[in-house]
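[1] prediction below, plus the sequence it came from.
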Amino acid sequence: MNNKHVVCPVCNSVNRVPAQKIGRGALCGKCGNKLFSGKPLDLNAGNFQKHVERNDIPLVVDFWAPWCGPCKMMGPVFAQAAAQLEPNVRLAKVNTEQEQGIAGQLGIRSIPTLAVFLNGREVARQSGAMDLGNLLQWVRSHT
């Protein structure tokens, strides 16, 4: 049976889920919460690396800040994309004001910036706000 590792968005435990059951309301084996909520999750210094390195599904991260106008416009679009792309892709957000270490480590120079991570490494990056159609197309072309 083909299993995928999925990091719980609530307790950050790594779950081994049969690939065919990922889309059927899979629950965390440790805390019992749903592994997918259809919403972007907030990442921070305490859980960022685990989600990047331990998820077997692609992770798309929106690097943003609360004072950024284009980031505010893209927030609802990113949430809509999460509802459409999960459980095949995990969407997450990193507030660069609160998590300057992550932004610095990855060389995030402008916001919003989107990055796609697969198998623990960054495989694509795009700066600037996108509408839903372009966002979905960009994510699907890199995952």
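    That came through fine.
[2] what's the neighbour count on Gly69?
    Using other CB atoms under 10 Å, Gly69 has 8 other residues around it. Where C-beta positions appear, they are placed from N, C-alpha and C, glycine not excepted.
[3] can you pull the phi/psi pair for it?
    Main-chain dihedrals, Gly69, degrees, to the nearest 10: phi -60, psi -50.
[4] how near is it to Phe63?
    According to CB to CB, to the nearest Å, Gly69 stands 15 Å off from Phe63.
[5] what does Ile57 give?
    Here the criterion is CB to CB. By it, Ile57 lies 19 Å from Phe63.
[6] then Gln20?
    Taken as CB to CB, the span from Gln20 to Phe63 is 33 Å.
[7] who's more crowded, those two?
    Phe63 (26 against 10).
[8] in a strand, that's where that one is, yeah?
    Yes: using DSSP: H, G, I helix; E, B strand; the rest coil, the assignment for Phe63 is a strand.
[9] quick one, what contacts the closest residue to Leu118 other than its chain neighbours?
    Take Leu118 and drop its neighbours on the chain: the residue closest to it by CB to CB, 6 or more residues apart in numbering is Pro58, 5.3 Å away. By CB atoms under 8 Å, 6 or more residues apart in numbering, the residues touching Pro58 are Asn88, Val89, Arg90, Val116, Phe117, Leu118, Val139, His142, Thr143.
[10] please repeat the previous calculation with a cut-off of 6 Å.
    Contacts of Pro58 were listed using CB atoms under 6 Å, 6 or more residues apart in numbering, and they are Val89, Val116, Leu118, Thr143.
[11] just the pLDDT for Met1.
    On pLDDT, Met1 comes in at 56.
[12] low pLDDT regions in the chain?
    1 (pLDDT under 70).
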